[in-house]
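1. A predicted structure for the sequence below; I have some questions about it.
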Amino acid sequence: VETFTFTIGLCCSACLLIMTGYIVSWRFPSRSLLARTSFWSGVIASLGLAVTSAVPLQPDIMEVLKLPRKQRVMNTQSLVHQNSANVFFLGALVHAVLYTLHLRSLLAKDKHLSGVNIFSLRTKYVTIALSCCFILSPLLLMMYPQIIKGSRVTIIAVNQYGAIISLLGFFGTYTLDLSGYRIRLDRLKAD
């Protein structure tokens, strides 16, 4: 039941992220390479999240992590999960940076641009900095899964929790970007 709930929850989250990407692209339409790359990196990150949720780690992962590094054998299931998680984290980070740069470029062109919330932009800066610290951390890059004494949690898991919370903070700023905006279907018909 736990795995099923986890899978359904994260797959729904991935779908919501893709839908939000489409909504944001309607709100701030642009044909620039920066905007398109930001959008597609968000889609790729969402697909990485969906695969990560659908393919769990191998059942004996905690026992495998207790072994010395050279004796560890990760099965295909765990490798797919791990690589999909990397796609999600790196794709989400690239999306966050590019989307924020895109908003900055829109604001630079028009200082009174409606829809670019300054508090949202500042929050994006903070969450991107935190995401960089967690996602690009040497702990995550070296994949050193040292188990914390007395728990089932590894150092990498704590690092991933920090990255997830930072990214949730970033994606949460979309509510500020989209507040007060009505999605009009005639815009979709016009495009």
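-> Happy to help now that I have it. Residues are numbered from 1 along each chain as shown.
2. please make it C-alpha for all contacts and neighbour counts, starting now.
-> OK.
3. what helices or strands is the helix ranked longest in the chain leaning on?
-> The residue-count maximum for a helix in the chain (DSSP state H) belongs to helix 76-109. Judged by 3 or more Cα pairs under 8 Å, 6 or more residues apart in numbering; DSSP states H and E, the packing partners of helix 76-109 are helix 33-54, helix 118-135, helix 155-172.
4. nearest to residue 19, out of the ones you listed?
-> helix 33-54 (9.3 Å; Cα to Cα).
5. angle of that closest one against helix 76-109?
-> Put simply, helix 33-54 runs at 150 degrees to helix 76-109, going by axes from the mean of the first three to the mean of the last three Cα atoms, to 10 degrees.
6. buried stuff in helix 33-54?
-> 34-36, 38-54 (16 or more other Cα atoms under 10 Å).
7. how close does the residue of the chain positioned farthest from its centre get to residue 82?
-> Ranked by distance from the centre of the chain (Cα atoms, centre = their mean), the top residue is residue 71, with 31.6 Å. Applying Cα to Cα, to the nearest Å, the value for residue 71 to residue 82 is 18 Å.
8. checking my notes, residue 31 in a helix, right?
-> No: assigned with DSSP: H, G, I helix; E, B strand; the rest coil, residue 31 falls outside any helix and is coil.
9. burial measure for it, as a count.
-> Number of residues near residue 31 (other Cα atoms under 10 Å) recorded here: 8.
10. can you check the pLDDT for it?
-> Per-residue confidence (pLDDT) for residue 31: 81.
11. residues in contact with stretch 43-63?
-> Residues outside stretch 43-63 that contact it (Cα atoms under 8 Å, 6 or more residues apart in numbering): 3, 6-8, 10-11, 14-15, 17-18, 21, 74-75, 77-78, 80-82, 84-92, 152.
12. which among these count as buried?
-> 7, 10-11, 14-15, 17-18, 21, 74, 78, 80-82, 84-92.
13. good, wrapping up.
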